[in-house]
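Chemist: Give me the fold of what follows.
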Amino acid sequence: MTENPLIQQAADALRALALNEDAKERFCKDPLLQPFMHRVSRRYVAGHTVDDALRRVAEMTARGHKASAEYMGESCHDEAFANAETEVFLQLVQGLAAGGHDCSVSFDLSHIGAVVDPELGYRNARRIATAAAQAGREIMISMENHERTDLIYGLYRRLHEEAGLHNVGITIPARRHRSVQDLAMLLQLPGRIRLVKGAFHEDETVSWPRTSPGLASAYREHAATLLRSGHLCSIATHDRSIQRDLTALIRSEGIAPGRYEFESLDGLGTQQIDELHAQGFATREYTVFGAEHFLYVLNRIAEEPVRVYQALLDVLDSKP
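Modeler: Numbering: from 1, shown residues only. Sure thing, here's the model as predicted:
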């Protein structure tokens, strides 16, 4: 079925708005708009603090899933602030270890200084990864806009080859045309590879359109490559058709468990991930926390048109 062009235009507009720094500043800090942003975001965000994240992680693990927690933020342009934000990630690592939670830690490299200075981003990522390794935890580097792809993959490689931190994983978006070559490179490193569709607003010369058959095909091909390789991987999608195809592939080819998992995002419903867990597949839920969730929440709403109506209902909800 062909996607309604108005729906696609609305989704693209939301993704473009998510990248607008002025709009982000206004929605996240304006005292008049903050309450409305909070009402919309609480569906997708665990809260603002490490303790909020730890409570949500405990709920996920109690349902039998592993978890991943991310302190939200990106495009930090101040070294002192990047260092301070790194301390929050270290607190999160300590909290997860103290609580015994089976949870990885996710972050954007630009959040911890990589766009201020790649060396700053590398040092702070190494600090987080080292603390996580000592606590027996995995970290996952998130993907950002396509202009930062080489920077992200370059720092990821350094963390493995220079620092020997093999508890570091990486995210790859199936949407990007270059991901065919990038995946082959990433498979040479031992870190977990998280395969996502990719939510950023990007030109078609860079990425498949979000609703295109080309993206669905690319995702299936990359996922099959990962599953057959035996490499550590996370299959991160809410697409039921793709999930059915990949579980059928796993069963038909007798792909051994232990190296792959299915991952879902907090706030988008638990039925799919609970069903996969009940079928015996390893599963993980991904939650986020912090005040800098503007981009994340708008991208979640843009993925499904019905979430715009849900957001309106959430805005009208007077509950604190």
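
Chemist: which residue ranges form the strands in the stretch 101-250 of the chain?
Modeler: Under the criterion DSSP state E, counting those that start in this stretch, strands of the stretch 101-250 of the chain are mapped to 103-107, 139-141, 168-173, 193-196, 233-236.

Chemist: What residues of the fourth one count as buried?
Modeler: Neighbour-count burial for strand 193-196, counted by 16 or more other Cβ atoms under 10 Å, picks out 193-196. For the C-beta atoms, the positions are set from N, CA and C on the backbone; glycine is no exception.

Chemist: Now render the residues you listed as a markdown table, adding pLDDT and distance to A248.
Modeler: Formatted as a markdown table, those follow (pLDDT from 0 to 100; distance: Cβ to Cβ, whole Å):
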| residue | pLDDT | distance to A248 |
| --- | --- | --- |
| I193 | 98 | 21 |
| R194 | 98 | 22 |
| L195 | 98 | 17 |
| V196 | 97 | 21 |
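
Chemist: Between these, which sits nearest A256?
Modeler: For the buried residues of strand 193-196, the closest approach to A256 (Cβ to Cβ) belongs to I193, at 17.1 Å.

Chemist: between the buried residues of strand 193-196, which is nearest A98?
Modeler: Among these, R194 lies closest to A98 (Cβ to Cβ), at 25.3 Å.

Chemist: Roughly how far does the closest one sit from R55?
Modeler: 24 Å (Cβ to Cβ, to the nearest Å).

Chemist: who does the helix or strand containing S264 pair up with?
Modeler: According to DSSP states H and E, S264 maps onto strand 260-265. Using DSSP bridges, strand 260-265 pairs in its sheet with strand 233-236 (parallel), strand 283-289 (parallel).

Chemist: quick one: which of the ones you listed is nearest G169?
Modeler: strand 233-236 (7.7 Å).

Chemist: Which positions in the closest one come out as buried?
Modeler: 233-236.

Chemist: number of nearby residues for the nearest residue to A224 once chain neighbours are set aside?
Modeler: Setting aside the residues directly before and after it, A224 is nearest to L249 in space (Cβ to Cβ, 6 or more residues apart in numbering), at 6.1 Å. L249 has 15 neighbours, counted by other Cβ atoms under 10 Å.

Chemist: on that earlier part again, tell me the helix or strand right after the strand holding S264.
Modeler: By DSSP H and E, the next helix or strand past strand 260-265 is helix 271-278.

Chemist: And that following helix, how far out from the chain middle?
Modeler: Helix 271-278 sits 19 Å away from the centroid of its parent chain (Cα atoms, centre = their mean, to the nearest Å).

Chemist: Check stretch 98-116 too.
Modeler: Stretch 98-116 has its C-alpha centroid displaced from the chain centroid by 11 Å (Cα atoms, centre = their mean).

Chemist: start to end distance for that stretch?
Modeler: By Cα to Cα, to the nearest Å, the extent of stretch 98-116 from end to end equals 32 Å.

Chemist: Now it: buried residues?
Modeler: For stretch 98-116, the neighbour count (16+ other Cβ under 10 Å) marks 101, 103-116 as buried.

Chemist: closest to F200 among these?
Modeler: D108 (11.9 Å).

Chemist: wouldn't the closest one be in contact with E85 here?
Modeler: No - at 10.1 Å, D108 and E85 do not qualify as touching, with contact defined as Cβ atoms under 8 Å.

Chemist: what is in contact with those two at once?
Modeler: In terms of Cβ atoms under 8 Å, 6 or more residues apart in numbering, D108 and E85 are both contacted by the residues G73.

Chemist: hang on, the earlier thing: run the angle between the strand holding S264 and helix 271-278 for me.
Modeler: Computed by axes from the mean of the first three to the mean of the last three Cα atoms, to 10 degrees, the angle separating strand 260-265 from helix 271-278 equals 160 degrees.

Chemist: okay, now the domains of the chain?
Modeler: 1-44+293-320, 49-289 (automatic domain parsing).

Chemist: got the end-to-end distance for the last one?
Modeler: Spelled out, it's domain 49-289. First-to-last residue span, domain 49-289, Cα to Cα: 7 Å.
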